[in-house]
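Student: For reference, the sequence and a predicted model appear below.
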Amino acid sequence: MTQEAVTANTAAPIPRGRKQPAKKLPSKQLLGIAGIIGFLLLWELVPRVGIVEPRFLPPASEVIAALITDFGLTAFWVAVGETMLAWAIGLVMAIVLAVVLGFIIGSSMFLRKFTNSTVEFLRPIPSVALIPLAVLLFGVKIESTLMLVVYASFWQVFIQVLYGVADVDNVAMQTAKSYGLGAMARVRHVVFPTALPYLMTGIRLAASVALILAITAELVIGSPGLGREIALAQSGGAISGMYALVLATGLIGVVINLVMRFIERKTLSWHSSIRSEVIV
Amino acid sequence: MRFLKTLGYVLALPLILVAIWWASTLGETNFFVPTPALLAEAFAETWFGERIVSDVLPSIGRLVVGVVSAIIIGIVAGLLIGSIKWLRDLTEPVLEFFRAIPPPVLVPVLMLLMGITDGMKVAVIISGCVWPVLLNTIEGVRAIDGVLSDSAHTYGIHGWARVKYLVLPSAGPQIMAGIRQCLSIGLILMVISEMFASSSGLGFTIVQFQRSFAIPEMWSGIVVLGLIGVALSFIFQWTERRVLRWYHGLREVENAV
């Protein structure tokens, strides 16, 4: 697992590293690895020396061993699968809903003004406030998780799409009109490319929010998934097991971040924000 | 006249929605969906009494302490890590990992380490809120304009003056973006830490209502959380406009050109 953590983590700064001269790269990565090793050593020492009781904070080696054992268990992968399923379905539903509504509302000044106060009121409502409602409506099932995930990640994407659609260049729009592009063609060739960078940022944010909410719902409501396993491990006194699961959620978070960054770079390879990063 | 028009835009949709809600619950007696009147009554009865002192204020207190500490820790550590390159390289992977851990997962961990106390709830809030502020501050400090930085250097601006006149203003927009994220995470964590392990507070009360099937009261609790969220977002917007007044002014000028 150390190996995996190291590779997963050092992969993150690479795109930024390209800005710097190539010869500086190794030392940067070495320092990063040193940071991880230092952190693990610290974690190993704190309980061993007795600053915190090992009963409450087991040393790193124990937790990592527990995580490796987890990797061999079907139950662990089933829980991961359940969490990722809720994450993926919720995220896709939120994105579809937000894109459709965002483009419709964003393209009309009237609708934007008309919905503004309602959006500003609904958006800050923390999705965890819906937990009691979800429990009443769906009980301890995946639907409860989905409801929270969709509500939370919808706003991230929706607001970004609104900003994106509002950002359309007036001259480009007028040009498209005078060239006789129809409404659909204008959306396809003018509005969509302008909004795409915003949309991708929204999706990236929504992806991590969706993971947070998926695991929260499982933790608090007890719907199936990694979150419930963590709550069970904690109440059952399997402390190293609990820390191992926490590490696992962190690894999933890192992987999601990396994948989202990658998708963003691929879809926006034509956009100046990405191009400049690669060329310089 | 313009004022009336704006007011119309602000109020129209909420009024329509409430009217639909009212009309659809009029003839029915659905157990899960209270009528607006019933909800308003439950709201007034539940929250305008001793509950404000016993549940709402302590929750808000923990939230404020947690968020403010997280902001201070995040900015100070961010300034430090952002301005020292080797420290940044050293800590970056570890920080990225910590940020990737969903914060609610830390509730059981901290419960174990600290017991079920107010300190644990504040620690939960800090441990989740600090990352967006910290990482945004680091990014903001890193992205300081090179020419500005060199000029400050040439004019012999060092130490605290450099932080106050160069670093904080140029990282300001980024830091504020981090704080905005931190507020909503803080509210979520406040509720979760109370739902999970507490005998008082908003989260606890709402779950209590839900378990005892006091549906209108439960809905009113959700409304309270919504109102706190809205209030936080207004306070933030107001503060941001003041703190970043120069920045928004600059943007307006740039956009006008």
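Tutor: Sure, I can see it. This one's a predicted model, so the numbers in the text were calculated from it and none came from an experiment.
Student: and B:Gly156, what helix or strand is that in?
Tutor: Counting by DSSP states H and E, no helix or strand carries B:Gly156.
Student: What of A:Val99?
Tutor: Using DSSP H and E, A:Val99 falls in helix A:74-106.
Student: What is that helix packed up against?
Tutor: helix A:109-122, helix A:142-166, helix A:192-220, helix A:226-235, helix A:239-267 (3 or more CB pairs under 8 Å, 6 or more residues apart in numbering or on different chains; DSSP states H and E). In this view, the C-beta of every residue, glycine as well, is placed from N, C-alpha and C.
Student: Distance from the chain centre to that helix, please.
Tutor: Remark: helix A:74-106 is offset 11 Å from the chain centroid, using CA atoms, centre = their mean, to the nearest Å.
Student: ok so, going back, B:Gln174: which of the helices and strands packed on helix A:74-106 is closest?
Tutor: helix A:192-220 (14.3 Å; CB to CB).
Student: Okay, buried residues for the closest one please.
Tutor: Across helix A:192-220, burial judged by 16 or more other CB atoms under 10 Å in any protein chain shown covers A:192, A:194-220.
Student: Contact partners for A:Met173?
Tutor: Taking CB atoms under 8 Å, 6 or more residues apart in numbering or on different chains, we find A:Met173 in contact with A:186, A:190.
Student: Now it: which helix or strand?
Tutor: Using DSSP H and E, A:Met173 maps to helix A:170-178.
Student: Could you check the angle that helix makes with helix A:192-220?
Tutor: On the basis of axes from the mean of the first three to the mean of the last three CA atoms, to 10 degrees, helix A:170-178 is oriented at 110 degrees to helix A:192-220.
Student: Can you verify my assumption that B:Val10 contacts A:Ser117?
Tutor: Yes: if you go by CB atoms under 8 Å, B:Val10 and A:Ser117 touch, sitting 4.4 Å apart.
Student: ok so, going back, tell me what the helix or strand that the helix holding A:Met173 is followed by is packed against?
Tutor: Using DSSP H and E, the next helix or strand after helix A:170-178 towards the C-terminus is helix A:183-186. Helix A:183-186 is packed against helix A:170-178, with contacts defined by 3+ CB pairs under 8 Å, 6+ apart.
Student: Can you pull up the most central residue in the chain?
Tutor: Just going to use chain A. Centroid check for chain A by CA atoms, centre = their mean gives A:Ser208 as the closest residue, at 1.6 Å.
Student: not what I meant, chain B
Tutor: Mean-position check on chain B, CA atoms, centre = their mean. Result B:Leu183 at 1.2 Å.
Student: What helices and strands are in contact with the helix or strand hosting that one?
Tutor: With elements taken from DSSP H and E, the one containing B:Leu183 is helix B:168-196. Judged by 3+ CB pairs under 8 Å, 6+ apart, helix B:168-196 is in contact with helix A:192-220, helix B:57-83, helix B:106-114, helix B:118-142, helix B:202-211, helix B:215-243, helix B:245-256.
Student: So is the last one next to chain A?
Tutor: Translated: helix B:245-256. No: applying CB under 8 Å from any CB of the partner chain, one finds helix B:245-256 separated from chain A by no less than 10.6 Å.
Student: In that helix, which of the residues would be classed as buried?
Tutor: B:Tyr247.
Student: would you put the C-alpha positions of that helix in PDB?
Tutor: Taking Å, rounded to 0.1, in the frame of the first residue of the first chain, the C-alpha atoms of helix B:245-256 are listed here in PDB:
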ATOM      1  CA  ARG B 245     -13.200  46.000  -2.900                       C
ATOM      2  CA  TRP B 246     -10.100  47.000  -4.900                       C
ATOM      3  CA  TYR B 247     -10.200  43.700  -6.700                       C
ATOM      4  CA  HIS B 248     -13.800  43.900  -7.800                       C
ATOM      5  CA  GLY B 249     -13.200  47.500  -8.900                       C
ATOM      6  CA  LEU B 250     -10.300  46.400 -11.000                       C
ATOM      7  CA  ARG B 251     -12.300  43.600 -12.600                       C
ATOM      8  CA  GLU B 252     -15.100  46.100 -13.500                       C
ATOM      9  CA  VAL B 253     -12.600  48.400 -15.100                       C
ATOM     10  CA  GLU B 254     -11.100  45.500 -17.100                       C
ATOM     11  CA  ASN B 255     -14.400  44.200 -18.100                       C
ATOM     12  CA  ALA B 256     -15.600  47.700 -19.300                       C
END
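Student: Pretty sure A:Pro47 sits against A:Ile239.
Tutor: No: between A:Pro47 and A:Ile239 no contact is recorded; they are 10.7 Å apart, counting by CB under 8 Å.
Student: Any stretches of the chain with poor pLDDT?
Tutor: Picking chain A for this. Within chain A, the stretches with pLDDT under 70 are A:1-26, A:272-280.
Student: oops, chain B please
Tutor: Using pLDDT under 70, chain B drops low at B:27-32, B:197-198, B:254-257.
Student: check contacts around the residue in it that chain A sits nearest to.
Tutor: Nearest residue of chain B to chain A (CB to the nearest CB) works out as B:Ala100 at 2.9 Å. Applying CB under 8 Å, 6+ apart, we find B:Ala100 in contact with A:208, A:250-254, A:256-257.
Student: For B:Asp150, give its distance to B:Ile157.
Tutor: 11 Å (CB to CB, to the nearest Å).
Student: B:Leu232: neighbouring residues, count only.
Tutor: Look at B:Leu232: counted by other CB atoms under 10 Å in any protein chain shown, it has 21 neighbours.
Student: residues in contact with it?
Tutor: Taking CB under 8 Å, 6+ apart as the test, what B:Leu232 contacts is A:124, B:183-184, B:187.
Student: ranking those by neighbours, who comes first?
Tutor: Busiest of the contacts of B:Leu232 [other CB under 10 Å] is B:Leu187, holding 27 neighbours.
Student: ok, back up a step: kindly calculate the angle that the helix holding A:Val99 makes with helix A:142-166.
Tutor: Angle, helix A:74-106 to helix A:142-166, by the same axes, to 10 degrees: 40 degrees.
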